[in-house]
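Peer 1: Fold the following and give me the result.
(chains A and B)
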Amino acid sequence: MDRKGLGLAETVWTRLDRKAGAIVELTVRQLRHRVSTWVVLGSGILMMALLLAFYVDSVRETFEPIDNDGDSVDRDGDGYPLGQERKYGTSDSTKSEFPGSGAFVLESDIDWNDLNRVYMGNKSWDGMAYFEASWIDGNYTGDWWDSHIDWNMGLDGVPDLQECPEEVWRVEFGSACEVGDTDGDGLVTYMASGKWRGEGTVNVPDESYLEWGHWTESFYVEPDPPEKYIDEDGIDCFDSSGTRVDCPAGDRLSGSHGFDDDGDCLRTDWVTPEGEPQTEEPMWVWYTGNENGIPCDIVWTSSNGIVTDIDADFNVDEDPDDEAYAGELSHRTFIIGVGKMAFVILLGLFIPLFLALGLVKDESENGTLHLLLSKPIHRSEFILYRLLGYLSVSSSYVIALSLLVGTIAATLGPGDGIFRVADLPVWLGIGIATTLVLAAYGSLFNTMSLISPKYGVYICIVFGIWEFVMGFFSIINPNWTITSISITHWALQMIDAIVIMAWPDTLQWAQIGQAFGINTGLSVFWQPPVHTLGTNEPAVALLVSVTVLLTVTSVMVFIGKSVFNRKEIM
Amino acid sequence: MSESSQQPPAVLIDQVSKFYGQVVGLNDVSLAIDGGVTGVLGPNGAGKSTLFKMMMGRLKPTQGSVRLFGVDPWTSTAPYRRVGYVSESEKLYEWMTSLDFLTTLARLHGMTREEAKERSAHVLDFVGLADVMHKELGKYSKGMRQRVKIAHALVHDPDLIILDEPLHGCDPIARTSIMSVIRDLGNQGKTVLVSSHILEEIERITEQIVILHNGRLLALGNLHAIRDLLDKHPHRILINCEDPRSLAGLFIEEDPIYGVRFPRDGQLEIQTNNLSEAHAILPSIVVKSKQDISSIENPDDNLESLLGYLIQGAG
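Peer 2: Take a look at the predicted model:
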């Protein structure tokens, strides 16, 4: 067995390598022969199968289109959905007002400050005035609010009204009285208050108000089916040359985007009575829009090439194609959610609890440790190789499982391609993040069981609960400082960083989800990585997280080695 | 227990004590062992396993020093390249075949897989397990398991072999086989330490013994020399026969016999100061008595009696 004649490097390193190989192989074979290994690994596969079943059910199934802006509803029951009423400028809260029913077009008014208080014409009037009538429409209903004056029209077409009392200066709104032919020209003057239609001269008293206009002709409009107002205004993006591109893959990540496909933004909120777009923002826009001076657009804000905010004017891109957008959002949410909760938090905790806790302790309790330690292998080496053996089983399991689930999800997932290749780096990242967690927990649990063989398992369970809670807190808000006192937090940060590195548009998708009300939970399960050291670079966060996890592992292995080296073995 | 002036001895125990709290495991033991088979005798709790575990770096001496080939085994694993150890623990990896088991452990000596396999097969053949080397250890008998453990200790051709109760629980056939293996190792010039609490076992293996009692080194040296001393000590021989009284009459006339008793019906106890002489005259007297003798026992020819004698002597 003497290896005389071989170089030092070869003898030392190859022998070290052989020892490592032997212990790693022994550990793998031992784990393979334990029922608990198969139970925990089998449970993991079962859990993934269930999650995939839910995924298939939610993502692969055709999306029921959602009316995100609610304009497919006919609230006033006139047969026209809100979207169609918006287009025609009619109200969906008044049944008698509907597309084609004729619309009142306001022309002018005499208000309290106008000096000239006399006007003549054939109009629809609204307000208070002395009306010297040459013609009155006795059937005017106007279909425009209420308070229409009942002229009590006689068969001869002359109103039959009471005379106004002496020194009266106002009548009840929605009524009129006869003043008489005060100037002797044969035309009777009435004091009218309310709405009426007629030809003549109005004289508006001081401290009274009158406006007038005309009604457009009524015509028949075919009611649109409600389905037409579902997914009718998708998210529109434009590249730097102004060409419409698929969102969010455009080359312009900031500035004005959006297109009012259904016209309800321009029609209802931004047109003047003359039909011209307003040049100034209406007063109310400041709390519903983006205030950039461009009507009916959407402002995308980006920082370092990453979209950080999407601010839309009202009724623009408000009802996107759910299959396209919710499908993508749900798919990413599934991957991130499964990666964080199923892989990192559940598998990351339970696999080491079952597989790593007894790596050295069980050998010591069984007495088989004497067999191994009677060989020229240092105790530190022994711990290290045992952990490597455990890791080779657990990490190959999680990486294989993540790639398997990833492959299935990438095949079934939404999109034009047959296979979503861009998903695989994320799944691989999830597998690697979980592996680092397995290494950290494995070394920690192993060390705990060496420090206290009797109570180590209880300490580990308490620790596991802490990690579990911190994991959920980290998902909800990774900025909470306390969450960084946990191993899970750093692995979740890794996933956050890997996600944005593999899918640079994830923040855009999260913003799209929030901006357009597509609630798939992406913003809950994924947030930009926190620990970027002020650079906002996900690679920095990834590096920091990996460093922290490796440091925790190394420190735990070191403590474990120190404890084990000093331990007397009975 | 020869001393080598050039090389440090295989085992050097210098004023070693080990305390477990208030309990004494070993008390001021000094030993130097190099070459041949040495039996470590002592009743349960005498400190045999403690001594071996300290040699194997499992336990740290409270006082004194332990050196294997001049190196402290608590701080260095270097001596284990030359040491084979069979612990008293009986647990093995039940799901492994003995060849697999040995190959795995041999690889910890830095052998390649092929080397390890070849060497393991050779050692299994040496301990007489060649025909069952592909069977799982879980199916092995107690004696076979002990032989596997010995094989694991021999797989790297060590210079020092430490065997903690290797015969414990074995049937007579396994015992004989293991004893033969140990004797062979001794004949090969290895240093072998073998512990037992049964005097007869050690006697069949070696003449060099170390006797431990209550953590103290009671005696070390040649078993025959110790035995000779023991022979001069009052001894009893129990003979089960048809007519103890007539047999007693024949014995009492002989010189080494100084007394007789009849503990039970059909049983004679003769008392002697010289066990060897008593045994020498025994056959002729039995023939002379023309009785059927069903059994002859030496109740004082055991470790307890030896210890009792040594303790008295020490006292």
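Peer 1: Return the list of helices and strands in contact with the strand or helix carrying A:Leu438.
Peer 2: In the assignment (DSSP states H and E), A:Leu438 maps to helix A:423-451. Secondary-structure packing of helix A:423-451 (3 or more C-beta pairs under 8 Å, 6 or more residues apart in numbering or on different chains; DSSP states H and E): helix A:322-337, helix A:348-355, helix A:361-366, helix A:379-412, helix A:456-476, helix A:487-502, helix A:538-566. Where C-beta positions appear, they are placed from N, C-alpha and C, glycine not excepted.
Peer 1: of all these, which lies closest to B:His152?
Peer 2: In terms of C-beta to C-beta, the element of the helices and strands packed on helix A:423-451 nearest to B:His152 is helix A:361-366, at 14.9 Å.
Peer 1: Just the C-alpha atoms of whichever helix or strand comes after the closest one, please, in CSV.
Peer 2: Beyond helix A:361-366 on the C-terminal side, the first helix or strand identified by DSSP H and E is helix A:369-373. Taking Å, rounded to 0.1, in the frame of the first residue of the first chain, the C-alpha atoms of helix A:369-373 are listed here in CSV:
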residue,chain,number,x,y,z
LEU,A,369,-18.6,5.9,14.4
HIS,A,370,-15.8,3.7,16.0
LEU,A,371,-15.5,1.8,12.7
LEU,A,372,-15.0,5.0,10.7
LEU,A,373,-12.9,7.0,13.1
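Peer 1: re the thing from before, what are the buried residues along the helix holding A:Leu438?
Peer 2: Residues of helix A:423-451 classed as buried by neighbour count (16 or more other C-beta atoms under 10 Å in any protein chain shown): A:423-424, A:426-450.
Peer 1: returning to that earlier point: how about the helices and strands packed on helix A:423-451 in TSV, adding distance to chain B, mean pLDDT and mean neighbour count?
Peer 2: Output for the helices and strands packed on helix A:423-451, formatted as TSV (distance: least, C-beta to the nearest C-beta, whole Å; pLDDT from 0 to 100; neighbours: other C-beta atoms under 10 Å in any protein chain shown):
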stretch	distance to chain B	mean pLDDT	mean neighbour count
helix A:322-337	39	84	23
helix A:348-355	17	93	23
helix A:361-366	5	86	17
helix A:379-412	8	93	20
helix A:456-476	20	92	17
helix A:487-502	32	93	27
helix A:538-566	8	94	18
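Peer 1: Got the domain ranges for the chain?
Peer 2: If you meant another chain, say so; for now it's chain A. Listed domain ranges for chain A are A:104-215, A:230-312, A:322-566 (source: automatic domain parsing).
Peer 1: that's the wrong chain, I meant chain B
Peer 2: Taken from automatic domain parsing, chain B resolves into B:11-228, B:235-299.
Peer 1: Using CSV, lay out the helices and strands packed on helix A:423-451 together with distance to A:Pro165.
Peer 2: Output for the helices and strands packed on helix A:423-451, formatted as CSV (distance: least, C-beta to C-beta, whole Å):
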stretch, distance to A:Pro165
helix A:322-337, 65
helix A:348-355, 89
helix A:361-366, 107
helix A:379-412, 82
helix A:456-476, 72
helix A:487-502, 79
helix A:538-566, 82
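Peer 1: Count the residues that sit near residue 53.
Peer 2: No chain in the question, so chain A it is. 10 (other C-beta atoms under 10 Å in any protein chain shown).
Peer 1: wait, I meant chain B there
Peer 2: Neighbours of B:Lys53 under the rule other C-beta under 10 Å: 24.
Peer 1: What helix or strand is it located in?
Peer 2: B:Lys53 belongs to helix B:48-55, assigned by DSSP H and E.
Peer 1: which other residues reach that helix?
Peer 2: The contact list for helix B:48-55, computed with C-beta atoms under 8 Å, 6 or more residues apart in numbering or on different chains, reads A:569-570, B:11, B:13, B:16, B:18, B:25-26, B:29, B:40-42, B:59-61, B:66, B:68, B:73-74, B:83, B:85, B:87-88, B:162, B:164-165, B:193, B:195, B:197, B:212, B:215.
Peer 1: Pull out the buried residues from the helix or strand A:Met48 falls within.
Peer 2: Secondary structure assignment for A:Met48, by DSSP H and E: helix A:35-55. By neighbour count on 16+ other C-beta under 10 Å, the buried set for helix A:35-55 is A:Thr37, A:Val40, A:Leu41, A:Gly44, A:Met47, A:Met48, A:Leu51, A:Leu52, A:Tyr55.
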